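Q: below are the sequence and a predicted model for it; my questions follow.
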Amino acid sequence: MRIALFATCLADTLFPEAAKATVRLLERLGHEVVFPFEQSCCGQMHVNTGYQRDALPLVKRYVSVFDRYDVIVAPSGSCVGSIRHQHSLVASNCGERGLAARAQDVGSRTYELSELLVDVLGVEDVGARYPHRVTYHPTCHSLRMIRVGDKPLRLLRQVRGLELVELPAAEQCCGFGGTFALKNAETSAAMLADKLTSVVATGAEVCTAGDASCLMHIGGGLRRKETGVRTVHLAEILAST
Amino acid sequence: MSTFLGMPVTAPSGVGNLRGDRTFPEAAHDALADGQLRRNLRHATTTIRGKSGRVIAELPDWQELRTAGSAIKASVLARLPELLEQLEERVVAAGGVVHWAADANEANAIVTDLVRATGSERVIKVKSMATQEIGLNEALEAAGIQPVETDLAELIVQLGEDKPSHILVPAIHRNRSEIREIFLRAMPGVDPGLTDDPPVLAAAARKYLRETFLSTRVAVSGANFAIAETGTLAVVESEGNGRMCLTLPDTLITVMGLEKVVPTWQDLEVFLQLLPRASTGERMNPYTTMWTGVTPGDGPQSFHLVLLDNGRSAVLADRAGRAALHCIRCSACLNVCPVYERTGGHAYGSVYPGPIGAVLSPQLTGVEDNASLPYASSLCGACFDACPVKIDIPSMLVHLRDKAPHSRMERAVMRAAAYTMNHPRLYARAQRAAKLARIAGRRGRGLPPPLSSWTTARDLPEPPEQTFRDWWARR
């Protein structure tokens, strides 16, 4: 299958390993990956900070860049949530009805990685090997906005050598929330502190998730506290052999 | 009161409890530093979450009930004027008097005048969010009338000269030793040997309240529901103190937000299943009191219903925000909110705290007056899943953020970011410049605000040698 990759601005810029792993994994499974160079950002930060009008050109860009592909994948539940649920809303709020309809359509063809693997490609065992003790944090937008359910866990359970340990209070937010982490930095840090306690309590070497943004937050906290626990994107684990 | 071109007005300032003195982050700062408060809140919210989750899991049709609750509320809002007029007609036909209050000032004046006319210098109160919203207690006190809260938690708040911090359990921020101190200090006739044993504390409140119930001739209540087809009012509660207030006095004055009306008795079937399970985690609330006008020889012989707008028409006028009026004040969204659990309710400034407060308060007052509240959320979405009437709070927060005033600096930064993201060459150059962040070190010393607020608790990510697109271009 020919699959277009939306790398997301965060993975493209700061966490390229997550996007590279997505490419390696899909190619290993026999698919063709294309990366349209004109892509940039889904605009979620603007929408969620109160700048829908400024996000409009980014919505337009996403739609015009990806409209020509049947299947699009992004290594982020949050960005996919924004594309699927916010793009058409932003367009219609700005009076762009035609764009709203197209955005809805492109959004319905945009998948988060675990959705693509399990729902579209019908695979749970991706042939990965990752001999580590791992705990999984279900990020809020994966869990409650696009409802990936247990798909990431089903994929992780098939990885050779991987010992999966359950994260206590897993469904509680890590406190990132985009610009929330800056605007309400102390509340965000208090939420993070409890998440870190839960992660450390599992005794895992690695904390994984389907979103580089939440992992940046959790990872930044784990390193600050010198816990020795690493954060690794789900795509990197699934791409390992 | 003046309206501009017929547009509905927001709740007036200078009266009531919808606006805080400080922004949310400022108020949260103090709450976060209070370890005792955080332990109290974590314990209480975790307990209620567990209890509520268990009784909700018993119902195979919970999702259908939520859908029904949401649909009934949407239909009520779509024909609110006719339902309110029907309610008025039926209440009057049953011997009650209906008053229309455009805002907090009008409602306070109506209630104060009604109490004065009875000659009573004291009123007993049923726990009510609407009267807290309009600051009725303050208004009555200013007129020389003593309001006595009879809900145990509201009484603790009142005697402690405190503010409620939760919709359902307003004294959630207090533990039993603090409650003992408050009673010893402020409860008339209290036994000086009072201990902090919960049954002893409850018995002290009971003794004090019994005397008050039997010697007060006027009661003020709110309402959970008003049934348009018969003019019946309904209050649900746990303690029975509400029942005392609703049945013992000669005069009953009910202040009700005008969105509380439902069309028929049959609609209660849905809400009386949703509300106790979502709020206290009970299958059924212990007391449901319903009354229709006045009944000769039984209960209050004088009944007044005050229908309160106070910004609700303005909420109704906003297509993307009006579902906030679906709220049945169960507080499920507070109990699941990771922000509320850490900051408590006072940080929100308004009598409506938590996720629902973050969307309702700014809409009632106009978003300029509560501009930090729509940002008091990580948009994790737990509130939407917990809401028994399916209010999409996260989407509403995003909508209100778009209407909120922004600083000139922030606007400039966001504009520049969007411009860069929309120009591929500029974007690629900006990405490579991210590598320069290495000079800040992983602890980010010397970073300017607001970036420095990230590095107080978290390290910076190490910028990679190569962006993804550079890697792709060279493979």
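A: Perfect, I can see it now.
Q: looking at chain A, which helix is longest?
A: Identified as the longest helix of chain A according to DSSP state H is helix A:185-201.
Q: and that helix, what does it pack onto?
A: Contacts defined by 3 or more CB pairs under 8 Å, 6 or more residues apart in numbering or on different chains; DSSP states H and E place helix A:185-201 against helix A:212-224, helix B:24-33, helix B:338-343. All C-beta atoms are positioned from the backbone trio N, CA, C, and that covers glycine.
Q: which residues in the stretch 151-300 of chain B form strands?
A: Applying DSSP state E, counting those that start in this stretch to the stretch 151-300 of chain B gives strands spanning B:218-221, B:225-227, B:232-237, B:251-257, B:261-262, B:287-292.
Q: which one, of the ones you listed, ends up nearest to residue A:17?
A: Nearest to residue A:17 among the strands of the stretch 151-300 of chain B is strand B:251-257 (52.9 Å), distances taken as CB to CB.
Q: how about the CA coordinates for that closest one, as CSV?
A: C-alpha atoms of strand B:251-257 as CSV (Å, rounded to 0.1, in the frame of the first residue of the first chain):
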residue,chain,number,x,y,z
THR,B,251,-43.1,30.9,53.4
LEU,B,252,-40.8,29.2,50.7
ILE,B,253,-38.9,31.2,48.2
THR,B,254,-37.2,29.2,45.4
VAL,B,255,-34.5,30.8,43.2
MET,B,256,-34.0,28.8,40.0
GLY,B,257,-31.7,29.3,37.0
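Q: check the offset of that strand from the chain's centre.
A: Centre-to-centre, strand B:251-257 and its host chain are 19 Å apart (CA atoms, centre = their mean, to the nearest Å).
Q: and it, which strands flank it?
A: Strand pairing for strand B:251-257, determined by DSSP bridges: strand B:218-221 (parallel), strand B:302-308 (parallel).
Q: taking strand B:287-292 as reference, get the angle to the longest one.
A: Strand B:302-308 and strand B:287-292 are oriented at 100 degrees to each other (axes from the mean of the first three to the mean of the last three CA atoms, to 10 degrees).
Q: quick one, domains of the chain?
A: As the question left the chain open, I've gone with chain A. A:2-120, A:133-239 (automatic domain parsing).
Q: think we crossed wires, I meant chain B
A: Here the domain parsing of chain B from automatic domain parsing is B:24-31+B:313-403, B:59-310, B:409-474.
Q: endpoints of the last one, how far apart?
A: The reference is to domain B:409-474. Start and end residues of domain B:409-474 are separated by 38 Å (CA to CA, to the nearest Å).
Q: repeat that for stretch A:87-99.
A: 9 Å.
Q: same deal with stretch A:4-21?
A: Using CA to CA, one end of stretch A:4-21 lies 14 Å from the other.
Q: swap in stretch A:23-35?
A: Termini of stretch A:23-35 sit 9 Å apart (CA to CA).
Q: for it, the averaged confidence score.
A: Stretch A:23-35 carries an average pLDDT of 98.
Q: can you pull the contacts of residue B:453?
A: Neighbour list for residue B:453: A:181, A:182, A:185 [criterion: CB atoms under 8 Å, 6 or more residues apart in numbering or on different chains].
Q: re earlier: mean neighbour count and mean pLDDT added to the strands of the stretch 151-300 of chain B, as JSON lines?
A: Below are the strands of the stretch 151-300 of chain B laid out as JSON lines (neighbours: other CB atoms under 10 Å in any protein chain shown; pLDDT from 0 to 100):
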{"stretch": "strand B:218-221", "mean neighbour count": "26", "mean pLDDT": "98"}
{"stretch": "strand B:225-227", "mean neighbour count": "23", "mean pLDDT": "98"}
{"stretch": "strand B:232-237", "mean neighbour count": "22", "mean pLDDT": "98"}
{"stretch": "strand B:251-257", "mean neighbour count": "24", "mean pLDDT": "98"}
{"stretch": "strand B:261-262", "mean neighbour count": "24", "mean pLDDT": "98"}
{"stretch": "strand B:287-292", "mean neighbour count": "18", "mean pLDDT": "98"}
